[in-house]
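# Please work out how this folds:
(2 chains)
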Amino acid sequence: MPTIPEKPALEGLEQKWTSRWQADRTYAFDRARPRDVVYAIDTPPPTVSGSLHVGHVFSYTHTDLIARFQRMRGRSVFYPMGWDDNGLPTERRVQNYYGVRCDPSLPFDPAFVPPAKPGKQAISISRPNFVALCAQLTTEDEKVFEHLWRHLGVSVDWSLTYATIGRRAQRISQLAFLRLLHAGQAYQLEAPTLWDVDFRTAVAQAELEDRELPGAYHRIAFAIANRESRIDGSGIGESGNRVFIDTTRPELIPACVALVAHPDDPRYQPLFGTNVLTPLFNVPVPVKAHPLADPEKGTGLAMICTFGDVTDVVWWRELGLPVRAIIQPNGALRPVTFGGAGWESTDAASAQAAYDQLAGLSAVKARAKVVELLKASGDMLGEPRPITHNVKFYEKGDRPLEIVTSRQWFIKTMEFRDALLGRGAELQWHPEYMRARFENWVNGLNGDWCVSRQRFFGVPFPVWYRVSPDGTADVAARLLPREDQLPMDPSTDVPDGFTADQRGVPGGFVGDPDVMDTWATSSLTPFIVCGWETDPELFAKTFPMHLRPQGHDIIRTWLFSTVLRSHLEEDALPWSNAAISGWVLDPDRKKMSKSKGNVVTPMALLEEHGSDAVRYWAAKGGPGVDTAFEPGQMKVGRRLAIKLLNASKFVLGKTEPVGPVTEAVDRGMLQRLAVVTADATRHLDGYDYSAALRDTEAFFWWFCDDYIELVKRRRAGDDAGAASANAAAQLALSVMLRLMAPYLPFTTEEVWSWWQSGSVHRSAWPVASEFDVASGDDRRDASLHASAVTAAIRQQRSTKNLGFGVPVRAALTLPVPYESTWRAIERDVLAGNNALDSTVTFSGEIVLAEIEPAPPAGA
RNA sequence: AGGCGCGUAGCUCAGCUGGUUAGAGCGCCUGCUUGACAUGCAGGAGGUCCGCGGUUCGAGUCCGCGCGUGCCUACCA
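Numbering: from 1, shown residues only, chains lettered A, B, ... in the order given. Next comes the predicted model:
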């Protein structure tokens, strides 16, 4: 006999079942099972120092739907969770939380304890102390995150957790790096690099974002050094001995190394090959021709600086120009001496006088100063013309990126572009069209991947250098650790053959000061979780993995870099499927974001509506589809869950007698459910969880509103008809609970526990053979006809204002095909509609009902 | 500027390979204590399927053009 609560409710189900699942290891991965039944998921490790938002709940639910479906289909689901604690967001949080800053020159202080409250002045601490604080804080954050995921019902195996800064991740990151280095696929190069002047670190192309910024065109005169080359045309000064450029960055005039125009631009033909003089500084610079110069833009003549933007880098490289760098890593203009090599000027004294007013200023302040100087010298035509333009920023940065020449580590990507496109074609995308995002990105790559960051809380490069007699690092003389020494930190570990006191001294060694880009570690999540190079047995069973779920915003970063690393190390795709979730949009159809102040705290949301209700909303947002944040949908989900409790209570409230399923309405119901099951299975196999939910949900409501209403009186008896109804209803309930288990894991588990042993989440996904008790004929029409006649009678009741409590007589006109089903459904239809009797004629094509109140009993 | 989505009821969305009078839920209106559920049930109103062309016996669905909207990429002179 089922044990059913008097008043079933959703409240408290999350607590009850999360602890039970944990105790029973319901979602534990069984590594003893063979590879062909494993289903491995590489789920995004959330940035643990960031805040969780509704988007996380949305997309992690999608992943969990697939995980639960695959588990019920008999797969051994490998579903680990990671924490992305590596990198800048954590550093920032630690700095603010404790009021500290990292100074790598300081020695480790084992006695350091952070202040209870951050002081006004940031305390400088050593790198090991700083990293320890990062680790401490992220551990706290991880607990909060894990609690939320458990509360949401994500069926992760929590014994498989990893952190991207953890020992395991560090070892694999360093090992993979050394392999790339040995293979010649990682290299170090001194090159112009995108640089954030606040974080003082290099950043990669993938981390850029454009922001619209107000700016202004300044029309600036360059003197034509050779007076013979007179030219005409627009943009050229009337006097003929000056040419004009438009620039938004006049402060870079001292860094100008050439002017450039399109080779076919008639206005500037005479200038090509000649020199002009920069204003204020009188530095001779050549006028070059290059097809990238746009005749339509500005005056058609551009100033090439080292370096104002990425186009400058292209011009500089392709035209073989010298470097005249003025922006320092901190963003300030560095001191320069005019007249010396590389800074030749026809008037060094006045150049120096001008520049001395700029040195030490930030770019923005220097700009204002240069404008002032240009106005005074008469080299600026008119006033600056305000424009808005897009400027490249580091996605986490506050000031526009500069381009600074520095020594950085790179991983080769450019030579693998075609191979990566091939991998993108090989990968199954859900939805299919997301592949275009990947191809778009790969086709647009303009350089190898810069992986070094001048930061602290990250995986160090496992490299030392010999120190030259002059005390500087000899970057050509690398000292590498053995693989069995990993993970290591070159700032504290000592290379073989050296002693600690040789650090930094001539003839000694020094560690590479940089850490890896977070994506250099995050791109290895399949390796970290599958035990690459550490657990060959596990690796063979889980890699390549089956599913990478993620948002479309990180296709260019996470997905791309993971495909690259897997291609380089294993010559394979890291996973066979990528399921891409959409955005969560606010009611104005804008992406939910903190800055808009429209972010809802996920935990509050789960507590308000219930986890199953929130999951329902998330599940309705199909793969890749941007979905509105809609509490209304969560209420619908909640109603569904409550309805499931109540309907289950009703079905299980009377389980006897049971017998063969003989009645047409029962058989038709089961036959329809068999179709629903097949459809839902097919949809989920294709990662279309929302379509599967739609089918299942629609059937469930029909089951409640029509089927149960039709058979509840027959079922109340104890004859063969009741036995048929009981058997059918219980089978249907079992199937529906399992079909809904991935979506409503708490509710379905609760009901399952009333009458079944074990977890519904470990039960078998319904299959066709379960419906054999109703096979052999096709009674689906009978069940549909019963519904149609019921609808017609209900409409009459409503029109004539006859409540259900009023017994009626019905005169029915039914379409001819009903002749074959009517006899089999008549009893249920009449009972289910409180109709005492009926007269029926078969004609026409639509169902017509006329009803009148039946005479009172005994009349 | 290119690429990719999207545009269907007041709102949020389904409508697969083209096939009767275009669907669901929410909201709205009108009723109903019917023995699981008023956290419920029944009924109803509500649509030029963005526009214009084309293919077809037939187009919400396929093709072209346009408009609107969102994202990705490019655009820093």
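# for the residue positioned nearest the centre of chain A, what are its contacts?
When chain A is reduced to its mean C-alpha position, the nearest residue by CA atoms, centre = their mean turns out to be residue A:551, at 3.2 Å. Residue A:551 makes contacts with A:44, A:55, A:59, A:580, A:581, A:582, A:583, as judged by CB atoms under 8 Å, 6 or more residues apart in numbering. In short, each C-beta sits where N, CA and C put it, glycine included.
# As a markdown table, the residues you listed with secondary structure would be great.
Listed next are those as a markdown table, based on DSSP: H, G, I helix; E, B strand; the rest coil:
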| residue | secondary structure |
| --- | --- |
| A:44 | coil |
| A:55 | helix |
| A:59 | helix |
| A:580 | strand |
| A:581 | strand |
| A:582 | coil |
| A:583 | coil |
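# Of the residues you listed, select the buried ones using a PyMOL command.
Written as a PyMOL command, the selection of buried residues from the contacts of residue A:551, which uses 16 or more other CB atoms under 10 Å, is:
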select buried, chain A and resi 44+55+59+580+581+582+583
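# for chain A, longest helix please?
In chain A, ranked by residue count with DSSP state H as the criterion, the top helix is helix A:127-152.
# C-alpha coordinates for stretch A:600-612, CSV please?
Taking Å, rounded to 0.1, in the frame of the first residue of the first chain, the C-alpha atoms of stretch A:600-612 are listed here in CSV:
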residue,chain,number,x,y,z
VAL,A,600,17.4,38.5,-9.3
THR,A,601,19.3,36.5,-6.6
PRO,A,602,19.0,32.8,-7.6
MET,A,603,18.6,31.5,-4.1
ALA,A,604,15.7,33.9,-3.4
LEU,A,605,14.1,32.8,-6.6
LEU,A,606,14.3,29.1,-5.8
GLU,A,607,13.0,29.7,-2.4
GLU,A,608,10.1,31.8,-3.6
HIS,A,609,8.9,29.5,-6.4
GLY,A,610,10.4,26.2,-5.6
SER,A,611,13.3,24.6,-7.5
ASP,A,612,11.1,22.5,-9.7
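# near RNA strand B at all, that stretch?
No: using CB under 7 Å from any atom of the strand, stretch A:600-612 stays clear of RNA strand B, coming no nearer than 10.1 Å.
# Any chance you could list what contacts that stretch?
Outside stretch A:600-612, the residues within contact range by CB under 8 Å, 6+ apart are A:10-11, A:13-14, A:52-54, A:56-57, A:148, A:151-153, A:614, A:629, A:631, A:634-635, A:637-638, A:641, A:743-747.
# which stretch of helix or strand covers residue A:787?
helix A:780-799 (DSSP states H and E).
# List the buried residues in that helix.
Buried residues in helix A:780-799, counted by 16+ other CB under 10 Å: A:780-790, A:792-794, A:796-797.
# So which elements touch the helix or strand following that helix?
Where DSSP H and E defines the elements, the next helix or strand beyond helix A:780-799 is strand A:808-814. Judged by 3 or more CB pairs under 8 Å, 6 or more residues apart in numbering; DSSP states H and E, strand A:808-814 is in contact with helix A:780-799, strand A:835-842, strand A:848-853.
# Mean pLDDT and distance to RNA strand B added to those, as CSV?
Output for those, formatted as CSV (pLDDT from 0 to 100; distance: least, CB to the nearest atom of the strand, whole Å):
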stretch, mean pLDDT, distance to RNA strand B
helix A:780-799, 92, 4
strand A:835-842, 90, 12
strand A:848-853, 88, 11
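# Would you reformat these as JSON lines and include distance to residue A:310?
Output for these, formatted as JSON lines (distance: least, CB to CB, whole Å):
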{"stretch": "helix A:780-799", "distance to residue A:310": "64"}
{"stretch": "strand A:835-842", "distance to residue A:310": "78"}
{"stretch": "strand A:848-853", "distance to residue A:310": "74"}
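# Checking my notes, residue A:706 in a strand, right?
No: applying three-state DSSP, one finds residue A:706 to be helix, outside a strand.
# if we can go back for a sec, just want the angle from the helix holding residue A:787 to strand A:848-853.
50 degrees (axes from the mean of the first three to the mean of the last three CA atoms, to 10 degrees).
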